[in-house]
Each structure stands twice: as structure tokens, then as C-alpha cells.
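1. need a 3D model of the following:
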Amino acid sequence: MFKFALICAVLAFASACNNGCTTFDKYIMTVNGEEQDMLDSMPDELKKCADSTKVTCPSETPSCLSVSPSVKADLELNGQSGKIEMQATTYLCAPKDTKMTTELCNTYETALQGAIAGGVFTNVETDCGEFKAGASTFGFSAILAVVLYLIY
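-> Have a look, this model is predicted:
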């Protein structure tokens, strides 16, 4: 019985990280004073992580971290000028002490701008933020193990 309880405890605390997944959390475009939430028109796969990204972080990169960079800019697209606000969250397995660098922040800024094909950006303001811990999710097996433990 003790072994079963121990196995359940281990499984209950096993968590999965959406390693390498980036979701768009905010995409607002303002043209001629009219604000449009463009996130509604984006495909669902850009707004949530696929099950295939859930992994247990390996020992060399044991922490599941997230970072949520945002970009505000003036945008010219298809002959119209306006303002844009975008924010995305990226989840990854990394060492616990991972810090945001200028190079990484520039990569995020380029990637967020690349989400809008054909747009010309000016007055770009980027806030890359810091990496945060606790971005993991409990897997179905952990929940099932706890239920089985409570039943038996």
C-alpha cells in the first residue's frame, strides 16, 4: 500500500510544460480612432498550446518558465495608418535563473512584428518583461492517479 501511495504522490506532482509554445494574448489595432480586437479573428492554434508541446522538463533545463513580451507601435498596412498593441506568451524549459537579454528581446520584437505581413512599423516600444516560474500544467495522468488513490 505504501508503494502505491508513493507512486500516486510522485505522479500527482509530475507536471508538464508547454515547451516551445507561444500563444497570442493580445492583438489590438486602432485605425481612424476605431479599436479592433484582432485576436478574435486569429486561428485557435495561435491562442492556445497544442497537447503535443506538453513535456516534462529534462534535468539540464528543469524549470518551466514563461515570458510575455509586448509591442506597441504605429503601423501602416495596406495604405492605412494606425496603432497596434500585441502581446504573446512563450513557455519553455530552461534553467531557473534564466534572464531576459537584449538579443532575446530583439528576437521577440522581430517575431511579433513578423506576425503582420506587409506592415511597416514605426515608433516601436517593446516590453519583454522577465521570465516567470510556474508555467507548468498538471497532466491527465497526475489527476487520474490522485483519483485512483482516493478511491482505493
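2. residue 46 and residue 25 touch, don't they?
-> No - at 10.3 Å, residue 46 and residue 25 do not qualify as touching, with contact defined as Cβ atoms under 8 Å. In short, each C-beta sits where N, CA and C put it, glycine included.
3. all strands of the chain, in order?
-> 15-18, 21-31, 34-37, 54-55, 63-67, 70-77, 80-94, 120-127, 132-133, 137-138 (DSSP state E).
4. of those strands, give the one that comes closest to residue 101.
-> For residue 101, the closest of the strands of the chain is strand 63-67, at 11.3 Å, according to Cβ to Cβ.
5. and the angle from the closest one to strand 21-31?
-> Interaxial angle of strand 63-67 relative to strand 21-31 (axes from the mean of the first three to the mean of the last three Cα atoms, to 10 degrees): 10 degrees.
6. show me what residue 71 is bridged to.
-> As for beta bridges, residue 71 partners with residue 86, residue 126 under DSSP bridges.
7. next one: residue 17 from residue 80, what distance?
-> 40 Å (Cβ to Cβ, to the nearest Å).
8. these two - which one has more neighbours?
-> residue 17 (25 against 10; other Cβ atoms under 10 Å).
9. run a quick neighbour tally on the residue lying closest to that one once chain neighbours are set aside.
-> Nearest in space to residue 17, with sequence neighbours left out and distances taken as Cβ to Cβ, 6 or more residues apart in numbering, is residue 64 at 3.3 Å. Residue 64: 24 surrounding residues under other Cβ under 10 Å.
10. do residue 99 as well
-> Around residue 99 there are 8 residues (other Cβ under 10 Å).
11. was I right about it contacting residue 128?
-> No - under the criterion of Cβ under 8 Å, residue 99 makes no contact with residue 128, lying 10.6 Å away.
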